[in-house]
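Novice: heads up, no residue letters with this:
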């Protein structure tokens, strides 16, 4: 009997496919998310848009919040640790969290090294803007990738950019000859064997979700249309007028992302989505997607 | 021969791959009308609460019960096993209530307790590599149910006539013998 194998960790992410993972800040929100059909919840002290508003250093959530959420739902519970913060990640693992997110939404704790994720029984999800970042994280042991997008903005444009870039880079790698692959591994700064796997299979070796700016059912469906395996919704749900209805609508739009009539139906009278931010209005220091490397 | 995989949420592509390795055609089923085109159905792993809600929302409960009543085989893995069960421990309401088994959800614990191991499965010669992810267990079975595999004395795979269920994920390995077993059930059903 073996725990924490790649198959067990990556398989856990496979079971999330076609699903919606929702940010929640307390037990009550977690119950709403589960009742709406979320496949997992991300337990946080503050959603990204509040982290933006509050400023200062954003850290791992208070373990009380994580435990409260774990107590009230039967679906998997995820939590975020700062980039490079090995101890926050170990603390969350000790609480029994099902999946760790080494996340750029929090303030990085290390500007050079990410966490050695092979050293954990619990799987990790990490953000990526391009194929290089995705494969570096997988090389460090990540079992699931998500686009970084631009969290807490309610603006889908960055998530679209990242998903399109990763997909176009995968297509390019697929068409390369073997000698070109050696040079491309150096260009991208990734392990050669992982790049060879992408060349042979035409996809990442782990699932790839969309995250960072999903604010409406149509946004979620757009990301699925672009090839995402599923969707993370952060501030989008509990910053909207009617979280329950919004959450259900996003779940349905994700499942039936090609059924436009259905998306129209679930999008009716949802109330106001979260207020968005134009990306160009963010100063470079405010851009969370530039954290990590 | 076409075998459908219920594609509301979960590991659909992996099952389709395994079905095709076992020599049948695999298709994703998103609408209940699509059940008419298939001879067998797999309910995949995923989150059983999510799959259960979406099945109700899109009227799959009665449609799959009719599918089963016509004697067409159904195979549930992990969440799919929960969805098939007559009784779910600690819950008042089950989902399809087709298979005479009582299941316990997340019976091994949280993700850190998830594991893989080699298991003997009745009807399959060599042991199967079984991947358990936040897996359920079968606590008890009715008279009509045949136990196919146990782990540490607990039931992890069973068959009741045309219904097959496993706690673990045969679709996550390259070994498609359990899918072959199911494809053979579908073939036998057509022949009779």
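Specialist: Perfect, thanks for sending it. Given the structure is predicted, the values throughout are model-derived calculations rather than measurements. Numbering: from 1, shown residues only, chains lettered A, B, ... in the order given.

Novice: Count the residues that sit near residue 40.
Specialist: I'll assume chain A. Residues lying near residue A:40 (other Cβ atoms under 10 Å in any protein chain shown) number 25. Placement of C-beta: from N, CA and C, glycine included.

Novice: should've been chain B
Specialist: With other Cβ under 10 Å as criterion, residue B:40 counts 25.

Novice: give me phi/psi at whichever residue of the stretch 1-150 of chain A sits closest to chain B?
Specialist: Nearest to chain B, among the residues of the stretch 1-150 of chain A, is residue A:98, at 3.8 Å (Cβ to the nearest Cβ). Note on residue A:98: its backbone torsions stand at phi -80, psi -30 [degrees, to the nearest 10].

Novice: any idea how far the longest helix that chain B contains is from the chain center?
Specialist: What stands out as the longest helix in chain B, according to DSSP state H, is helix B:177-191. Offset of helix B:177-191 from its chain centre (Cα atoms, centre = their mean, to the nearest Å): 14 Å.

Novice: Can you name the residues in contact with that helix?
Specialist: Applying Cβ atoms under 8 Å, 6 or more residues apart in numbering or on different chains, the contact partners of helix B:177-191 are B:1, B:3, B:15, B:18-19, B:21-24, B:39-40, B:42, B:71-73, B:75, B:121, B:123-124, B:128, B:162, B:164, B:166, B:170-171.

Novice: Just the mean pLDDT for it, thanks.
Specialist: For helix B:177-191, mean pLDDT is 93.

Novice: buried residues in that helix?
Specialist: Within helix B:177-191, the residues that count as buried by 16 or more other Cβ atoms under 10 Å in any protein chain shown are B:177-183, B:185-187, B:189.

Novice: Please apply the same query to stretch A:232-249.
Specialist: Result for stretch A:232-249 [16+ other Cβ under 10 Å]: buried residues A:232-240, A:243, A:245-249.

Novice: Between its first and last residues, how far does that stretch reach?
Specialist: 14 Å (Cα to Cα, to the nearest Å).

Novice: next one: stretch B:123-137
Specialist: End-to-end span of stretch B:123-137 (Cα to Cα): 20 Å.

Novice: Quick check: mean pLDDT of that stretch?
Specialist: 97.

Novice: close to chain A, is it?
Specialist: Yes. Applying Cβ under 8 Å from any Cβ of the partner chain, one finds stretch B:123-137 touching chain A at B:131-134.

Novice: In terms of helices and strands, where is residue 94?
Specialist: Using chain A here. Element membership for residue A:94 (DSSP states H and E) is helix A:86-95.

Novice: I was after chain B.
Specialist: Residue-wise, residue B:94 maps onto no helix or strand under DSSP H and E.

Novice: Settle this for me: it is touching residue B:101, isn't it.
Specialist: No. In this structure residue B:94 lies outside contact range of residue B:101 using Cβ atoms under 8 Å: 10.1 Å.

Novice: And the two? Which one has more around it.
Specialist: residue B:101 (26 against 18).

Novice: tell me the secondary structure for the more buried one?
Specialist: strand (DSSP: H, G, I helix; E, B strand; the rest coil).

Novice: ok, and the closest non-adjacent residue to residue A:228?
Specialist: Leaving aside its chain neighbours, residue A:228 sits nearest to residue A:210 (3.8 Å; criterion: Cβ to Cβ, 6 or more residues apart in numbering or on different chains).

Novice: repeat for residue A:192
Specialist: residue A:185 (4.3 Å).

Novice: so which residue of chain B comes closest to chain A?
Specialist: Counting by Cβ to the nearest Cβ, chain B gets nearest to chain A through residue B:111 (3.8 Å).

Novice: Tell me who's in contact with that residue.
Specialist: Counting by Cβ under 8 Å, 6+ apart, the residues that residue B:111 touches are A:12, A:76, A:98-99, A:122-123, B:133-134.

Novice: and of these, the nearest to residue A:92?
Specialist: When the contacts of residue B:111 are compared for distance to residue A:92 (Cβ to Cβ), residue A:122 comes out closest, at 7.9 Å.

Novice: Now that closest one. Its backbone dihedrals?
Specialist: The phi/psi pair for residue A:122 (degrees, to the nearest 10) is phi -80, psi 140.

Novice: Equivalent analysis for residue A:39, please.
Specialist: Phi and psi for residue A:39, reported as degrees, to the nearest 10, are phi -90, psi -20.

Novice: Secondary structure class of the closest residue to residue A:89 other than its chain neighbours, three-state.
Specialist: In this structure, residue A:89 finds its nearest non-sequential neighbour in residue A:81, 4.1 Å apart by Cβ to Cβ, 6+ apart. Secondary structure, three-state DSSP: residue A:81 is strand.

Novice: So which bits of chain B are right by chain A?
Specialist: Taking Cβ under 8 Å from any Cβ as the criterion, chain B approaches chain A at residues B:7-14, B:30, B:45-47, B:49-50, B:53-54, B:57, B:78-79, B:105-106, B:109-117, B:131-134, B:169, B:172-173.

Novice: Among those residues, which ones are in strands?
Specialist: The strands, defined by DSSP state E, take in B:115-117, B:131-132 from those.

Novice: any idea which of the residues you listed is the one closest to residue A:204?
Specialist: Checking these one by one against residue A:204 (Cβ to Cβ), the nearest turns out to be residue B:131, at 19.5 Å.

Novice: which ones are touching that closest one?
Specialist: Contacts of residue B:131 (Cβ under 8 Å, 6+ apart): A:7-8, A:11, B:116, B:168-169, B:172-173.

Novice: List the buried residues of the helix or strand that contains residue A:169.
Specialist: According to DSSP H and E, residue A:169 maps onto helix A:157-174. Across helix A:157-174, burial judged by 16+ other Cβ under 10 Å covers A:157-163, A:166-167, A:169-170, A:173.

Novice: And for stretch B:75-82, what's in contact with it?
Specialist: A:15, B:6, B:10, B:15, B:40-48, B:51, B:83-84, B:88, B:95, B:99, B:101, B:103, B:105, B:133, B:135-136, B:138, B:163-171, B:182, B:185.

Novice: Setting aside sequence neighbours, what's the nearest residue to residue A:68?
Specialist: residue A:27 (4.6 Å).

Novice: Just want the phi and psi numbers for that neighbour.
Specialist: Per-residue torsions, residue A:27: phi -60, psi -40 (degrees, to the nearest 10).

Novice: so is the residue most central in space within chain A in a helix, a strand, or just coil?
Specialist: The centre of chain A sits closest to residue A:146, judged by Cα atoms, centre = their mean, with a distance of 4.0 Å. The three-state assignment at residue A:146 reads strand, by three-state DSSP.

Novice: Thank you, goodbye.
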